[in-house]
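[1] quick one, structure for this:
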Amino acid sequence: MANTVLNSIKTRRSVRKYKPDIVEQEKINQIIEAGLYAASGMNHQETKIIAITNKELRDKLSKEKAKFDGLYDGADPFYGAPVVLVVIANKDYADYVYDGSLVMGNLMLAAHAVGVGSCWICRAKETFEKPEYQDFLKSLGITGNWEGIGYCILGYPDNNPTPDIPRKPNRVYYID
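    Take a look at the predicted model:
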């Protein structure tokens, strides 16, 4: 396929096993920039991205996610990824979930484009509803009515990507 965007869309895979190697800051910045260029309702741009490379905080968020999922102690629902991008969106805007989801999609496609693995991890909503994490947002100067949309984990894959599976039939209807 000649079009690189379409090729990236078709070849991107969620990665669920990562090497401990840190992702270069330049690549993280490129991925974040792509997230900031995601479409948003009325171009309000009411999403934020918190880039976490601090291992202690990364591990704390992983433990929170594991608790919500009822996973065993020591489980890592971030699959060893060394970078976590937290996407939050302003709930005062009607399209906040959609806008945050578009950011997540852009982050994952950009990661693939620069040779970095990614995966959308849920439960950011539940974590960032907790008073402790509301206080964390305030410590960053983020005040208002924010909701966690997702964690975009980043790192270098420690396995081969899963093969593509055929797309399910009967998902498109044309009306002429």
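[2] contacts, neighbours, all on C-alpha from now
    Noted.
[3] give me the phi and psi for Tyr173.
    phi -130, psi 120 (degrees, to the nearest 10).
[4] that one: neighbour count?
    By other C-alpha atoms under 10 Å, 6 other residues sit near Tyr173.
[5] let me see the contact set for it.
    With contact set as C-alpha atoms under 8 Å, 6 or more residues apart in numbering, Tyr173 has no partners.
[6] and the gap between it and Leu107?
    According to C-alpha to C-alpha, to the nearest Å, Tyr173 stands 29 Å off from Leu107.
[7] got it, and Lys19?
    19 Å.
[8] what about those two, which has more around it?
    Leu107 (30 against 14).
[9] what sits closest to the more buried one if chain neighbours are left out?
    Gly35 (5.0 Å; C-alpha to C-alpha, 6 or more residues apart in numbering).
[10] contacts for the lowest-mean-pLDDT helix or strand in the chain next, please.
    For the chain, counting by mean pLDDT, DSSP states H and E, helix 4-11 ranks last in confidence among helices and strands (a mean of 88). Here helix 4-11 makes contact (C-alpha under 8 Å, 6+ apart) with 1, 109, 112-113, 164.
[11] now stretch 96-107 - C-alpha only, CSV.
    Listed next in CSV are the C-alpha coordinates belonging to stretch 96-107 (Å, rounded to 0.1, in the frame of the first residue of the first chain):
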residue,chain,number,x,y,z
TYR,A,96,-15.2,15.1,25.9
VAL,A,97,-15.2,11.2,25.7
TYR,A,98,-15.1,11.4,21.9
ASP,A,99,-12.4,14.0,21.9
GLY,A,100,-10.3,12.0,24.4
SER,A,101,-10.8,8.8,22.3
LEU,A,102,-9.5,10.6,19.2
VAL,A,103,-6.4,11.7,21.1
MET,A,104,-5.9,8.0,22.2
GLY,A,105,-6.2,6.9,18.5
ASN,A,106,-3.7,9.5,17.3
LEU,A,107,-1.2,8.5,20.1
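[12] buried residues in that stretch?
    Judged by neighbour count using 16 or more other C-alpha atoms under 10 Å, the buried positions of stretch 96-107 are 96-97, 99-107.
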